[in-house]
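**Q** got a predicted structure plus its sequence, pasted below:
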Amino acid sequence: MIYLDSAATTLQKPKAVRRAVARALGNASSAGRGGHRGASRAADILLDCREAAADLFHLDDPERVCFTANATHGLNIAIRSLVKPGMRVVISGYEHNAVYRPLAAMAPEGVEITVAKGEPFSPESMVYAFEQALIGGASAAVCTHVSNVFGYILPIERIDGLCAKYGVPLIIDAAQSAGCVPLDVKQLKATEFIAMPGHKGLYGPQGTGLLLCLGEHPSPLLYGGTGADSMASGMPDYLPDRLEAGTHNIHGIAGLLEGIRYVKKTGVQEILEHHRLLVAEAAAEFYGHPHFRVHAAEWFFCQSGVLSIRPTKGTAEEAADYLAGRGVAVRAGLHCAPLAHETAGTAETGTLRMSVSTFTESWEIRTFAGMLKAYAGK
Amino acid sequence: MANCYIMSRSLTNAQRSVRVLQHYGILSHMVRPPQHLTGRGCGYAVRIHERDLGNALRLLDDNGLPAKKVHRVGADGSYTEVKV
């Protein structure tokens, strides 16, 4: 199979990830639930993973790295921590439903959403739109680092700077950027949370995620046992325990640890450059083609390893089905981000999205392009 | 020579403390202290030799892991709080 759906999940994982998962299934029990060897191994896996993640994002304190089930879980914690009834929240026009739905669910509590729409692949227009929205008054902001539909890298450091200027705490959705686009928390001033999955650019298994808690306001979403402070009826007031009720996904986190080690060894900037080369190659195949419209950044300067293509003959879903029948995995539709399509003007049709990983090779891009052109020529 | 328990607020905090101390050659182990020492139910502590206490407290402080409470474990199994 030619796998070009890494924006959903990286299917190909480093061998060390698979080995670590299998090993942990056999020898790691529950961290913090005993002093025996199985519990100690589990505890070591957790701390090693927190330290590796902290190092990857230049975070000084590994206790601010909290484990979640996925990015959506982390975003829900972050949103529920910062957004209170009656607040006005600014979001970008490229947010996933993992951001939009938790906020929309708070509408009965008087939460208002202001969408800062900037032109696709135009960081200047994004910064301008975000500042206009902040000037209108806001209590919190949420912004994706990379659009999961278009691979557009938003100017997140500048948006963080704007939020600092207006005293608004920011949540970053790093679902598509973690492990794929460099991010240094030391450069951020207003960001209180960064949520990310483990199963995409960090090459961990599904069911893993990280929430970096940079601020002082984390509120638990789940309540339960943490292995400590058992006499207290409330959750501990310290991290990471405050946000980690219940048994950890230890074997998943063991895999995530190896995934993060792989990313660190490969280098995030090198990964981004590899992704850009492949996406540029794919885009070049379809520029000027009568049956396709390509959505990409000029010179790919703010483009990650995701590319959306819109067939003008037939639908994106039909094209994806055609490719799936021939062993090529892509994704078609709205990609759980209708807001991004409304912003870019593709809501009526959706797009066909191809997305790459470090394991993707040039010949796979050429084969995919050849098949898609053959489909259009039918 | 008696042992001392350096009380930790969490599993992660205790683990990090052990790693720092071991890095500097101080023999240390993470333990579950008796509940009457924590006052909050289950908890964690780092067990070290009493002779290493001063050095350990300084190293933990230098590495952003300041100790809040320390108990000395007597030969008869009694616990005495040591002023930090």
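**A** That came in fine, so what should we check first?
**Q** okay, now residue 28: neighbour count?
**A** Since no chain was named, I'll use chain A. Neighbours of A:Ala28 under the rule other Cβ atoms under 10 Å in any protein chain shown: 24. All C-beta atoms are positioned from the backbone trio N, CA, C, and that covers glycine.
**Q** I was after chain B.
**A** B:Ser28: 20 surrounding residues under other Cβ under 10 Å.
**Q** grab the nearest non-local neighbour of it.
**A** B:Leu21 (4.1 Å; Cβ to Cβ, 6 or more residues apart in numbering or on different chains).
**Q** enumerate every residue touching that neighbour.
**A** B:Leu27, B:Ser28, B:Val46, B:Ile48, B:Asp52, B:Ala56, B:Leu59, B:Leu60 (Cβ atoms under 8 Å, 6 or more residues apart in numbering or on different chains).
**Q** same question, B:Met7
**A** B:Met7 makes contacts with B:Pro33, B:Leu37, B:Thr38, B:Gly43, B:Tyr44, B:Ala45, B:Ala67, B:Lys68, B:Lys69, B:Val70, B:His71, as judged by Cβ under 8 Å, 6+ apart.
**Q** and these near chain A, which?
**A** B:Thr38, B:Gly43, B:Tyr44 (Cβ under 8 Å from any Cβ of the partner chain).
**Q** just the ones of those residues in strands?
**A** Counting by DSSP state E, the part of the ones next to chain A among the contacts of B:Met7 found in strands is B:Tyr44.
**Q** any chance of the ones next to chain A among the contacts of B:Met7 in TSV, plus neighbour count and pLDDT?
**A** Formatted as TSV, those follow (neighbours: other Cβ atoms under 10 Å in any protein chain shown; pLDDT from 0 to 100):
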residue	neighbour count	pLDDT
B:Thr38	21	87
B:Gly43	25	89
B:Tyr44	27	93
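**Q** now the ones next to chain A among the contacts of B:Met7 in JSON lines, with distance to A:Thr346?
**A** Converted to JSON lines, the ones next to chain A among the contacts of B:Met7 look like this (distance: Cβ to Cβ, whole Å):
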{"residue": "B:Thr38", "distance to A:Thr346": "57"}
{"residue": "B:Gly43", "distance to A:Thr346": "54"}
{"residue": "B:Tyr44", "distance to A:Thr346": "52"}
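**Q** and the ones next to chain A among the contacts of B:Met7, which is closest to A:Leu46?
**A** B:Tyr44 (13.2 Å; Cβ to Cβ).
**Q** am I right that the closest one is in contact with B:Asn13?
**A** Yes - counting by Cβ atoms under 8 Å, B:Tyr44 touches B:Asn13, with 7.3 Å between them.
**Q** for chain B, which residues are neighbours of chain A?
**A** So far as Cβ under 8 Å from any Cβ goes, chain B lies against chain A at B:9-13, B:15-16, B:19, B:30-32, B:38-44, B:64.
**Q** pLDDT score for residue 28?
**A** Using chain A. Note on A:Ala28: pLDDT of 96.
**Q** meant chain B actually
**A** pLDDT recorded at B:Ser28 is 96.
**Q** confirm for me that it is in contact with B:Arg16.
**A** No - with contacts counted by Cβ under 8 Å, B:Ser28 stays clear of B:Arg16, the gap being 11.4 Å.
**Q** sweet, I'm off.
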